[in-house]
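S.K.: curious how this folds, go ahead:
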Amino acid sequence: MHDIAHSHPHVEGHFESSESVRDVVIGLSDGLTVPFALAAGLSGAVSSAHIIVLAGLAEIAAGSIAMGLGGYLAARGDAEHYASELAREQDEVVTRPDDEAEEIYDIFAQYSVPREAAAPVLAALQQNHPAYVDFMMRFELGLEKPASNRAHRSALTIAASYIAGGLVPLLPYMLVGTAASLVPDTAAALKLSVLITLLALAFFGALKGRLLGTGALRSALQTSLIGGAAAAAAYTLARLLNRS
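M.R.: Residues are numbered from 1 along each chain as shown. Prediction:
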């Protein structure tokens, strides 16, 4: 029985959300929503699919650059903050050992571990300076070491995800007037754009909810409602302003 129990090790099904996954979520969610709202809004004001496509592509270009730059600066800021705190912690474990020891005890006290039980762990950490510093960075400050070239990867991932998402609502407008096209005018393009974008938002939301464990159906509904509301507001506002 003992051998049988160990032949089937327990595997936990937790999803560890990586930084790259978060970047994809950020880029796709905005990429699907903002160009969708812009195209819908322009459809309420102009009848030229060419203008809508040009404006949409311009927005995707500007949006992807802005979002990518934002991701780059955020990642750089995280890396600089980590480096600053690391240098301070490396100094304090040497120059203020008693204060650092008390902080260790305080950390373990949060988990109801008494000082007597934590003392051997503290002694072991004090013999291993890099591990001591890493422990304090993680459990005192809640900081993880950023991956190398994180800033560049974050910028590229967010920008590429934004572009991929932004092209979805524009696709029907690109087909207007083409040979054998099922999209004869901008009105039809708007309807098709709403359909495929809401489906894309629902699929993306469901996938995100499944990965993050928040519920696929709930996340799909939230994502679709937010994107649909933004597009409806833009379309209605454009129609009202175009009439005045």
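S.K.: next SSE downstream of the lengthiest helix in the chain?
M.R.: The longest helix of the chain (DSSP state H) is helix 49-95. Remark: after helix 49-95, the chain's next helix or strand is helix 97-109, criterion DSSP states H and E.
S.K.: buried residues in that following helix?
M.R.: Neighbour counts using 16 or more other C-beta atoms under 10 Å place 100-101, 104, 107-108 of helix 97-109 among the buried residues. Backbone N, C-alpha and C define where each C-beta goes, glycine included.
S.K.: what's the helix or strand for residue 113?
M.R.: Counting by DSSP H and E, residue 113 is part of no helix or strand.
S.K.: so what's the residue count around it?
M.R.: 13 (other C-beta atoms under 10 Å).
S.K.: and it, its phi and psi?
M.R.: Dihedral pair for residue 113: phi -100, psi 120, per degrees, to the nearest 10.
S.K.: can you pull the contacts of residue 69?
M.R.: residue 155 (C-beta atoms under 8 Å, 6 or more residues apart in numbering).
S.K.: same thing with the one 5 residues further on?
M.R.: For residue 74, the residues meeting the contact criterion (C-beta under 8 Å, 6+ apart) are residue 154.
S.K.: how far away is it from residue 228?
M.R.: Distance, residue 74 to residue 228, by C-beta to C-beta, to the nearest Å: 28 Å.
S.K.: what is the nearest of the buried residues of helix 97-109 to residue 19?
M.R.: Comparing these against residue 19 with C-beta to C-beta picks out residue 107 as the nearest, at 24.8 Å.
S.K.: just checking, the closest one touches residue 138?
M.R.: No. In this structure, residue 107 is not within contact of residue 138 by C-beta atoms under 8 Å, at 9.7 Å.
S.K.: including distance to residue 215 and pLDDT, could the buried residues of helix 97-109 go into a markdown table?
M.R.: Listed next are the buried residues of helix 97-109 as a markdown table, based on distance: C-beta to C-beta, whole Å; pLDDT from 0 to 100:
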| residue | distance to residue 215 | pLDDT |
| --- | --- | --- |
| 100 | 42 | 80 |
| 101 | 44 | 80 |
| 104 | 39 | 83 |
| 107 | 33 | 83 |
| 108 | 35 | 83 |
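S.K.: report the residue spans of this structure with pLDDT below the cut-off.
M.R.: 1-18, 177-184, 211-213, 238, 242-244 (pLDDT under 70).
S.K.: how about the helices in it?
M.R.: Under DSSP H, the chain gives helices at 2-7, 19-43, 49-95, 97-109, 115-126, 129-139, 150-174, 186-212, 216-243.
S.K.: what angle separates the longest helix of the chain from helix 150-174?
M.R.: Comparing the axes of helix 49-95 and helix 150-174 via axes from the mean of the first three to the mean of the last three C-alpha atoms, to 10 degrees yields an angle of 170 degrees.
S.K.: helix 49-95 vs helix 129-139, what angle?
M.R.: Relative orientation of helix 49-95 versus helix 129-139 (the same axes, to 10 degrees): 130 degrees.
S.K.: return the distance of helix 49-95 from the chain's centre.
M.R.: Relative to its chain's centre, helix 49-95 lies at 12 Å (C-alpha atoms, centre = their mean, to the nearest Å).
S.K.: same question, stretch 90-97
M.R.: The answer for stretch 90-97 is 36 Å, by C-alpha atoms, centre = their mean.
S.K.: just stretch 133-147 next, same as before
M.R.: On C-alpha atoms, centre = their mean, the centre of stretch 133-147 falls 22 Å from that of its chain.
S.K.: list of residues touching that stretch?
M.R.: 19, 75, 78-79, 81-82, 85-86, 89-90, 93, 100, 103-104, 107, 125, 153.
S.K.: stretch 84-98 too?
M.R.: Contact partners of stretch 84-98, identified using C-beta under 8 Å, 6+ apart, comprise 99-100, 126, 129, 132-133, 136-137, 140-141, 143.
S.K.: noted, bye for now.
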